[in-house]
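*Asks:* the following comprises the amino acid sequence and a computationally predicted model.
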Amino acid sequence: RIARCHLYYTALNNSSINFIGEKVGKSKDEIYSSFRQTILDIERLLVMRDNPPSPPASFDHWGSTRPSINNYNNSADETINSRQQFEKPNTILSAEDLGMLLLHIHECRNILWQSRRRFGSDVLRNVAEDLAELAGERGPVSVSQQLQIITRMARTYPFMKVVSSGIPFDMIIPGAGSS
């Protein structure tokens with residue numbers, strides 16, 4: 001009797017045991033949703049780093065006293081230089097952002113590996129190649145190129161597309177459809 005109770009308790013608390021005919025693991029939709037969510041996190045990171053605005057002018061130059069013409073010109077030159085530095089068309093990620101990107105890519109690869117039966121072999125190979133390009137493993141890539149890779153992935157792979165529920169936004173968020 002104790003052994004049966006222990007088996008029942010173990011079955012209820014251990015998702016790896018198939019008990020009473022229930023499915024074990026995530027569904028195909030849940031797997032695809034997890035992958036899409038991770039790609040969305042990558043896209044958010046890249047969008048925030050793609051051509052960021054220049055930092056605001058320092059308050060040191062604009063104190064309570066009126067700056068001289070020389071100070072004003074130096075301040076303007078510094079602002080222009082910092083703006084040019086940030087507005088490069090080929091902006092690359094900082095070390096911290098690159099680390100975060102690599103963590104997200106690692107998560108995508110784990111989803112693919114753990115659920116490889118849910119993806120075709122061609123899809124696995126192509127997504128792995130896209131993730132390698134995104135990580136810069138095939139050569140240096142700019143943030144805008146990384147965003148283009150994300151766009152290509154969303155356009156190319158059917159599991160990246162979300163089918164509309166057909167529910168208008170007004171039903172979900174009142175006033176969303178009115179101008």
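*Replies:* Received the coordinates, thanks.
*Asks:* other residues contacting the top helix by length along the chain?
*Replies:* In the chain, taking DSSP state H as the definition, the longest helix is helix 28-49. With contacts defined as Cβ atoms under 8 Å, 6 or more residues apart in numbering, helix 28-49 is touched by 26, 91, 93-94, 97, 100-101, 104-105, 107-108, 111-112, 115, 118, 134, 143, 146-147, 150, 153-154, 159-160, 162. C-beta here means a position set from N, CA and C on the backbone, and glycine is covered the same way.
*Asks:* could I get the buried residue list for that helix?
*Replies:* 31-32, 34-36, 38-39, 41-43, 45-46, 49 (16 or more other Cβ atoms under 10 Å).
*Asks:* just stretch 47-56 next, same as before
*Replies:* Within stretch 47-56, the residues scored as buried using 16+ other Cβ under 10 Å are residue 49.
*Asks:* out of the contacts of helix 28-49, which sit inside helices?
*Replies:* The members of these that map onto helices under DSSP H are 97, 100-101, 104-105, 107-108, 111-112, 134, 143, 146-147, 150, 153-154.
*Asks:* show me how to select, in ChimeraX, the buried members of those residues.
*Replies:* For the buried members of the ones in helices among the contacts of helix 28-49, the matching ChimeraX selection, counting by 16+ other Cβ under 10 Å, is:
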select :101,104,105,107,108,111,112,134,143,146,147,150,153
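*Asks:* nearest to residue 126, of the ones in helices among the contacts of helix 28-49?
*Replies:* residue 153 (8.9 Å; Cβ to Cβ).
*Asks:* from residue 125, how far off is the closest one?
*Replies:* The gap separating residue 153 from residue 125 is 13 Å, by Cβ to Cβ, to the nearest Å.
*Asks:* could you do residue 142 as well?
*Replies:* Taking Cβ to Cβ, one finds residue 142 at 25 Å from residue 125.
*Asks:* neighbour count winner among the two?
*Replies:* Using other Cβ atoms under 10 Å as the criterion, residue 142 and residue 125 rank with residue 142 on top: 16 against 11.
*Asks:* just the pLDDT at the more buried one, thanks.
*Replies:* On pLDDT, residue 142 comes in at 93.
*Asks:* how far away is it from residue 97?
*Replies:* Counting by Cβ to Cβ - residue 142 and residue 97 are separated by 13 Å.
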